[in-house]
Each structure stands twice: as structure tokens, then as C-alpha cells.
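Asks: what's the 3D shape of this:
(one chain, ligands or ions: 1)
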Amino acid sequence: MSAARLEALAPSGQRGRPVYELRGVSKTYARRNIQALGSVDLTLTEGSFSSVIGASGCGKSTLLKIMAGLVPPSAGRVMLAGSPVTGPRRDIGMMFQQATLFPWKTALENVVLPIEIRDGKAAARAKQGEARALLELVGLKGFETVYPGELSGGMAQRAAICRMLITEPAVLLLDEPFSALDELTRDYMNMELQRICMARNATAFLVTHSISEAVILSDTVYVMSPRPGRFVEAVEVDLPRPRTLEMITTPRFGALVDRIRSHLDKGSFL
Ligand SMILES: Nc1ncnc2c1ncn2[C@@H]1O[C@H](COP(=O)(O)OP(=O)(O)OP(=O)(O)O)[C@@H](O)[C@H]1O
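Replies: All right, here's what the predicted structure looks like:
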């Protein structure tokens, strides 16, 4: 799909100020000469929530890593808040499938760890009040001094959300953050994520394999082709916010899921 057509499909939820801009971004991994990503154009506007969905190995994580500045693109340009992304940045928060908390640090110590690494121990101590408030926000009040081994998977991911938010990133890059959780916890965490994003007017970009997760969370769902990944469709989700889990049973939700599935089926994805 051309950049112009994708822009034309830009949804009502994406009419704010552009935050992320990717133009002609592609990636070939030199070592195995694998072209992971075709040419990707993407604009994310402030406060929007977007998802990318596609077959295993189509290049979704590669795209996210390029956006995060962890992997350099082979071609193209990535701009965030008006400046090029050339490496990891303070205004980018990332979250992965596994919480990767340090087992020898308490929940509170894990949350302030990015501050400690960036600005030192005194700065981390000064942020403890804020970290406590974040833990309370995600329902972990009372667990501040607990070690990760004593937390459930969902609780550990909630602590990881706090760790991502403590640096007050303008954008959240999420690589299947809740896919290791059971379905009920995952639904709950998705609603939590929506609440946090709305409260902070955060701009979020999610990699997922779940069509219903993409629809319930997103303003726009980008469907990616098999490798080399490129966007074949941008589906606007016109469900009102805040979204609720009850919406999953509505005809409109079903129609959106069917539309995305039909795009995926065309390319024998998933
Ligand atoms: N560091 C790397 N070096 C070489 N090839 C890589 C590297 N990282 C990823 N690839 C390859 O690039 C392609 C895209 O991988 P990527 O992880 O981006 O896909 P994905 O869509 O996120 O997959 P999944 O849904 O299974 O997580 C795959 O063929 C993968 O083997």
C-alpha cells in the first residue's frame, strides 16, 4: 500500500500532532542476508494507540527495535518529536513479553532502576515517592518491598509497566507485553494499559498476534505482509473510548476483527 493511501486512511483518533514519523524504513540483516522489513511509512500522532499485526517472522519486532533505536535501519528515516532516532532515548519507553525484573531487587527498586542507571542512586531515591504512586496506580500497593520471585506473572508485568513509566516517556513501544499471561489477566492488563495511556496522553505502538487485543486497544491496526514486512492495510477502529471488555461481543467489534482477519487470510498469514 502506498504511503499516500495509508495517510488517507489515517483515522479520527490520529489527527493530533505527529510524534513518530517513519519514511521508507527497511531492514536487511547483513549476516544472513535476510530482508526482514520492506519499505515502511508510518506516522503516529500524539495520544494515539496503534498496533501492528502479522505472521510470525514478518518483521514486527524488527520494526519496533528500529523505532526504539536499538537496531539501525538499512534505509529510511525515523524521526521522534522532530529529531532523528539514532540510538536509545529517554523519551522512549519499551516493554517486552517477559517482565525481566532483577530478582535481587524489590518491586520498588526495580521500578526506580532506570533512574538509578541514568542519574545515580540519589536521583533514584528521590523518585521513590513517585514509584510508590505508580505501583498503587497498577494495584501493587503493599508489594513495594516484595521480590519478583514472589510476584505472579501479571503482578511482575504491572511492575514492569511502572518501570517503563517512571522515566515519563512520550511514547510506549510494546512488544507483546502480556502474551505470557493467562487470558483473564491479559484482558485486565489491557484495560489497565488503556487507562494509563489515556491518563498520560501517551502515544503507544503495540506488536501483537491477537486480532481482538489489537482492536480493543487501538485507534489504528496496521496489517503487515509476510517477510519482508510492509503494511498492507491500516484499519481504523471507530469504537468509542474508553473501550470496555463488553465491546468484544458487539457486532461492530466482530466486523472489525473479520476485516483484519480477511487481510491476514489473503496473504496466508498467522
Ligand atoms: N539479529 C538478527 N539477525 C538476523 N536475522 C534476524 C535478526 N533478528 C530477526 N531476524 C530475522 O528477521 C525476520 C523478522 O524477525 P522479527 O523478529 O522482526 O519478526 P516478528 O514478526 O517479530 O516475529 P514473531 O511474531 O515470531 O516474534 C525473521 O526471519 C528473523 O529470523
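
Asks: For this protein, what lies in contact range of the ligand?
Replies: 29, 31-32, 34, 36, 54, 56-62, 227 (C-beta under 6 Å from any ligand atom). Using the backbone N, CA and C atoms, a C-beta is placed for each residue, glycine as well.

Asks: Just those residues: which are in helices?
Replies: Lys60, Ser61, Thr62 (DSSP state H).

Asks: Nearest spatial neighbour of the residue in the stretch 151-270 of the chain that the ligand sits nearest to, chain-adjacent residues omitted?
Replies: For the stretch 151-270 of the chain and the ligand, the shortest gap (C-beta to the nearest ligand atom) falls at Arg227, measuring 5.5 Å. Spatial nearest neighbour of Arg227, chain neighbours left out: Cys58 (5.1 Å); criterion: C-beta to C-beta, 6 or more residues apart in numbering.

Asks: How many residues are close by that neighbour?
Replies: Per other C-beta atoms under 10 Å, the neighbour tally for Cys58 reads 25.

Asks: Contacts only, for it.
Replies: Met224, Ser225, Pro226, Arg227, Gly229, Phe269 (C-beta atoms under 8 Å, 6 or more residues apart in numbering).

Asks: give me that answer again for 6 Å
Replies: When contacts are counted by C-beta atoms under 6 Å, 6 or more residues apart in numbering, Cys58 touches Met224, Pro226, Arg227, Gly229.

Asks: Which single one of those is nearest to Ala133?
Replies: Met224 (37.0 Å; C-beta to C-beta).

Asks: Alpha carbons of the lengthiest helix in the chain, as CSV, please.
Replies: If you go by DSSP H, the chain has its longest helix at helix 183-200. Extracted C-alpha coordinates of helix 183-200, given in CSV (Å, rounded to 0.1, in the frame of the first residue of the first chain):
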residue,chain,number,x,y,z
GLU,A,183,-6.4,-14.7,29.2
LEU,A,184,-8.3,-13.2,32.1
THR,A,185,-5.2,-11.4,33.4
ARG,A,186,-4.3,-10.3,29.9
ASP,A,187,-7.7,-8.7,29.4
TYR,A,188,-7.4,-6.9,32.7
MET,A,189,-3.9,-5.7,31.9
ASN,A,190,-5.0,-4.4,28.5
MET,A,191,-7.7,-2.3,30.2
GLU,A,192,-5.1,-1.1,32.7
LEU,A,193,-2.8,-0.2,29.8
GLN,A,194,-5.6,1.8,28.1
ARG,A,195,-6.4,3.6,31.3
ILE,A,196,-2.7,4.6,31.8
CYS,A,197,-2.3,5.7,28.2
MET,A,198,-5.4,7.8,28.4
ALA,A,199,-4.4,9.4,31.7
ARG,A,200,-1.0,10.3,30.4
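
Asks: Run through who's touching it.
Replies: Contacts of helix 183-200 (C-beta under 6 Å, 6+ apart): Phe49, Gly154, Phe178, Ala204, Leu217, Leu245.

Asks: Take the residues you listed and write them to TSV, including distance to Phe253.
Replies: As requested, these are arranged in TSV below (distance: C-beta to C-beta, whole Å):
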residue	distance to Phe253
Phe49	16
Gly154	24
Phe178	19
Ala204	20
Leu217	12
Leu245	10
